[in-house]
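Student: Provided below are the primary sequence and the corresponding predicted coordinates.
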Amino acid sequence: MAGLNPKQEEACSYTEGPLLILAGAGSGKTRVITHRIAYLISEKEVNPYNILAITFTNKAAGEMRERVDSIVGFGAESIWVSTFHSMCVRILRRFYDRLGGKNSFTIYDADDQKAAVKEVLRLLSFDEKQYPIRAMIAAISKAKESFLSPDEYDRQAAGNYRDQNIAKIYREYQKRLRSNNALDFDDLICRTIDLFMQHPDVLELYQERFRYIMVDEYQDTNHAQFVLVKMLAAKYRNLCVVGDDDQSIYKFRGANIYNILNFEEEYPDAKVVKLEQNYRSTSNILNAANGVIANNEGRKDKSLWTENPEGEKVLFTRYEDDRGEAVGVCKRIFELMKEGRGLSEMAVLYRTNAQSRVLEEQMIREDIPYQLVGGTNFYARKEIRDMVGYLKCIANPADDISLSRIINVPRRGIGDTTVTKMRDFAAEQGMSLYDVVVDAGVVPGLGRAASKLEAFAELMQGFRRVAEDGALSVLYADILQKTGYREELEKENTDEARSRLENLRELSNKISDYELHAEQPSLTELLEEISLVADTEEREDGSERITMMTLHSAKGLEFPYVFMVGMEERLFPSGMSLDSDDPDAEEEERRLCYVGITRAKEQLFLSAASRRMVNGNITYPEVSRFIGEIPENLIRMEGKKDSNRGYSGERYYDEWQGSTFRPKPSGAGRKSYLRTQAGGSLQKGMPQQTIIDYTVGDTVKHIKFGRGVVTEMTKGGSDYEVTVRFDTAGEKRMFASLAKLRKV
DNA sequence: GAACCCATCATTTTT
DNA sequence: TGATGGGTTC
């Protein structure tokens, strides 16, 4: 096997029986998985049809698919490369009727779930304050993960009034989902397990099919997923799990680190291969990470090493406050750029999304293009959810949740009172809301709304006819048109409305794209893709931007230059973790820190502020304990020591050349500015290669500062630093590639 | 039904 | 600080 180290090779060629691959950060994990699949097929002559590779995210599945395709060639397409959830959907679409459901079930996402719980609370007259929706969803999810039915949950709650009420909510929620012919994300896993338990013939079918199973990011699996994998692998026992207990950072969403820690107890004959050579980071960075993670107790014994050069020391800087930190980061970015590094080689990582704000503001001031990762999902936007709501209703008329969402959108005179009346009537008669809408005449006391309902029913029936024999894109266009949704937005004529229309066009593109590429396009499958595939706004290639994201989102990525900001007690590690009674909480924060450090290839910049605004309050945080855990000889501290554990903020905002402090842009203006920066519409289609057609003495125009005369140009790295004396804004120094100066 | 005011509340996120 | 949701008023 070409290009693999002995350990990697060992992991690839051990194909029979249970195998645990402990893959440290940057140890070439994906390479091993893909090579192993290739090895199974070419050396062991395993039929690709018998291979299953499970990942967590669609992104990971897509990447693996691509790599497998390129390395395996013939037969690669018959390998199942899939996320847990899409695998289960595929199985349930075929066999859900065996559990008494319809194979055409709808999938409820977080938003639908929320709406369902809200309705349940209303129905049971529970107070949302006492039983917060978020907490209820979490409780239900937890119950499902441990296979507790509402009845069993109730039994366990014996004597606990609150838990008994939660059991009631859970029961009612399940009832609602069942009558709506819907499954939530947890159901997808649990009901598949139910199916396997109740129908051993179905289980056997899949056991026979999946003779070789691989699970990536095994440390992220929850209990239900563990059970599912165990069942599938029970017959042939060719189960290979890959993961890193040190990178387990998703406990809050159910991940159970013991799945990986106790793998050898579960499978006593398991072979364990440790991939400990790191190919990513300098030894200074790697050892800094090792130093931090060594403070955790509950972990598999391993030590990462590298042949990479020592590199620069890790740099820690303490700034006066959060704003100063942002200024300092920007300054460092410019320094790196002067050395010829590009923005796409850099990333800023933080613990909480709220921290991005100050950084964004500063980057806008300094004209540094950035890209935010994470944030609101495309499909979570209101206008998209409305359209998807229509599609869901058309696909599954029993879906009361979606129908309630769109019945009065856009406004058509079917108000809350009417809907409540109909809902109550439906509940009494055991009908679905849609049945009632179609036959509104039977509901007493609807008054004027009756005619509105009739028109609405007519509209929906029309859509259903189009859905039956028309193309999906035609259906979509029809909805947009006939509901008056588009017209209403067009009339509004605001920036926001235009942006919504743009999103609706984007959805139209996605639908056309789906139609074009799907083997057999169907509304059900389209909706499945929409619910299961979060739309991760892919980074546009070629655009030079710095990436900003949470530490969680950074998992699996790497950058030459990494900034970890806000290294402060109670921010990171988070106060919530420190206050929690879970003794593992601090260790999970430390793992998160480990994940962050190991993202860096060349250089790592850590920083903290002495004063920070948190939730509108000024706080004076101490330096994070994690800083002290980095071996002293690997870190350079910038600044003087102060009385407590840390380093005081002696780095004030230094108004250096190029930074341009202007008053904070206000309200809506600022927002739309942010959007153009983050969303990229401003930069789309702009030449990436800057054409410099001006020189000293020329008059140029700047997008914000207006007219000015170039007074100086010096070469800095791959770029030019240009000094311009503006007519109104004074003298500014800036990078040619960022300043977008035009000769006039 | 929309516009406004006040109270409340705050990690991390994918499917 | 700032987003969100509920309640009130016009």
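Tutor: Done, it's in.
Student: Where in chain A is the helix or strand with the lowest mean pLDDT?
Tutor: With mean pLDDT, DSSP states H and E as the measure, the helix or strand of chain A carrying the lowest mean pLDDT is helix A:667-679 (a mean of 30).
Student: Just give me how far the very next helix or strand once past that helix sits from the chain centre.
Tutor: Per DSSP states H and E, helix A:667-679 leads on to strand A:699-702 as the next helix or strand towards the C-terminus. For strand A:699-702, the gap between its own C-alpha mean and the chain's C-alpha mean amounts to 41 Å (Cα atoms, centre = their mean, to the nearest Å).
Student: Report all helices and strands that strand A:699-702 contacts.
Tutor: strand A:706-716, strand A:719-726, strand A:742-743 (3 or more Cβ pairs under 8 Å, 6 or more residues apart in numbering; DSSP states H and E). Placement of C-beta: from N, CA and C, glycine included.
Student: same thing but 6 Å
Tutor: For strand A:699-702, the helices and strands in contact under the criterion 3 or more Cβ pairs under 6 Å, 6 or more residues apart in numbering; DSSP states H and E are strand A:706-716.
Student: List of residues touching the strand it packs on?
Tutor: If you take Cβ atoms under 6 Å, 6 or more residues apart in numbering as the criterion, strand A:706-716 is touched by A:338, A:694, A:696, A:698-701, A:720-728.
Student: between those, which is nearest DNA strand B?
Tutor: For the contacts of strand A:706-716, the minimum distance to DNA strand B (Cβ to the nearest atom of the strand) is 31.2 Å, reached by A:Lys338.
Student: any low-confidence regions in the stretch 401-550 of chain A?
Tutor: Where the stretch 401-550 of chain A drops to pLDDT under 70, the residues are A:535-542.
Student: Could you do the stretch 551-700 of chain A as well?
Tutor: Counting by pLDDT under 70, the stretch 551-700 of chain A shows low-confidence ranges at A:639-691.
Student: one more time with 80
Tutor: Per-residue confidence for the stretch 551-700 of chain A (pLDDT under 80) gives these ranges: A:639-694.
Student: got the residue ranges for the helices in it?
Tutor: Taking DSSP state H, counting those that start in this stretch as the criterion, the stretch 551-700 of chain A contains helices spanning A:551-554, A:575-579, A:585-597, A:625-628, A:667-679.
Student: which residue ranges form the helices in the stretch 1-150 of chain A?
Tutor: Ranges of helices in the stretch 1-150 of chain A, per DSSP H, counting those that start in this stretch, are A:6-13, A:29-42, A:58-72, A:84-95, A:110-123, A:133-145, A:150-156.
Student: what's next to the shortest one, contact-wise?
Tutor: Spelled out, it's helix A:150-156. Residues external to helix A:150-156 that are found in contact with it (Cβ under 6 Å, 6+ apart): A:143, A:167, A:170-171, A:174.
Student: Mind putting those into CSV with neighbour count?
Tutor: Output for these, formatted as CSV (neighbours: other Cβ atoms under 10 Å):
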residue, neighbour count
A:Ala143, 21
A:Ala167, 24
A:Tyr170, 25
A:Arg171, 17
A:Gln174, 19
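Student: Identify those among these that sit within helices.
Tutor: Judged by DSSP state H, helices contain the following of the contacts of helix A:150-156: A:143, A:167, A:170-171, A:174.
Student: What distance do you get for the residue of the stretch 501-650 of chain A found nearest DNA strand B to DNA strand C?
Tutor: In the stretch 501-650 of chain A, the residue that lies nearest DNA strand B is A:Ala534 (2.9 Å; Cβ to the nearest atom of the strand). Per Cβ to the nearest atom of the strand, to the nearest Å, A:Ala534 is found 18 Å from DNA strand C.
Student: now that residue: how far from A:Tyr170?
Tutor: Counting by Cβ to Cβ, to the nearest Å, the gap from A:Ala534 to A:Tyr170 is 26 Å.
Student: Then A:Val32?
Tutor: With the distance defined as Cβ to Cβ, A:Val32 ends up 41 Å from A:Tyr170.
Student: swap in A:Phe425?
Tutor: With Cβ to Cβ as the criterion, A:Phe425 and A:Tyr170 are 26 Å apart.
Student: ok, now A:Gly596?
Tutor: With distances defined as Cβ to Cβ, the gap from A:Gly596 to A:Tyr170 amounts to 37 Å.
Student: does the residue of the stretch 501-650 of chain A closest to DNA strand B count as helix, strand or coil?
Tutor: Taking DSSP: H, G, I helix; E, B strand; the rest coil as the rule, one finds A:Ala534 in the coil state.
Student: residues touching it, list them.
Tutor: Applying Cβ under 6 Å, 6+ apart, we find A:Ala534 in contact with A:Asn377.
Student: Which parts of the longest strand seen in chain A count as buried, going by neighbours?
Tutor: Longest strand in chain A, counting residues (DSSP state E): strand A:600-614. Judged by neighbour count using 16 or more other Cβ atoms under 10 Å, the buried positions of strand A:600-614 are A:600-610, A:612, A:614.
Student: Likewise for stretch A:129-139?
Tutor: Applying 16+ other Cβ under 10 Å to stretch A:129-139 flags A:131, A:133, A:136-137, A:139 as buried.
Student: Would you mind listing what in the stretch 251-400 of chain A touches DNA strand C?
Tutor: With Cβ under 7 Å from any atom of the strand as the criterion, the stretch 251-400 of chain A comes near DNA strand C at residues A:Arg357.
Student: where exactly do the helices run in the stretch 251-400 of chain A?
Tutor: All helices of the stretch 251-400 of chain A, identified by DSSP H, counting those that start in this stretch, fall at A:258-261, A:263-266, A:283-293, A:322-338, A:356-365, A:382-395, A:400-406.
Student: Any chance of those helices in TSV with mean neighbour count and distance to DNA strand B as columns?
Tutor: Shown next, in TSV, are the helices of the stretch 251-400 of chain A (neighbours: other Cβ atoms under 10 Å; distance: least, Cβ to the nearest atom of the strand, whole Å):
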stretch	mean neighbour count	distance to DNA strand B
helix A:258-261	20	15
helix A:263-266	15	22
helix A:283-293	24	17
helix A:322-338	22	15
helix A:356-365	20	9
helix A:382-395	22	13
helix A:400-406	24	14
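Student: Report pLDDT for the residue nearest to A:Tyr561 when sequence neighbours are not counted.
Tutor: Once its chain neighbours are removed from consideration, A:Tyr561 has its nearest residue in A:Met346; the separation is 4.4 Å (Cβ to Cβ, 6 or more residues apart in numbering). Residue-level confidence at A:Met346 comes out at 97, pLDDT.
Student: and what of A:Lys129?
Tutor: Looking at A:Lys129 specifically, the model assigns a pLDDT of 85.
Student: Against A:Ala427, how distant is the residue in the stretch 51-200 of chain A that DNA strand C sits nearest to?
Tutor: Taking Cβ to the nearest atom of the strand, DNA strand C has its nearest neighbour within the stretch 51-200 of chain A at A:Glu128, 5.7 Å off. For A:Glu128, the distance to A:Ala427 equals 20 Å [Cβ to Cβ].
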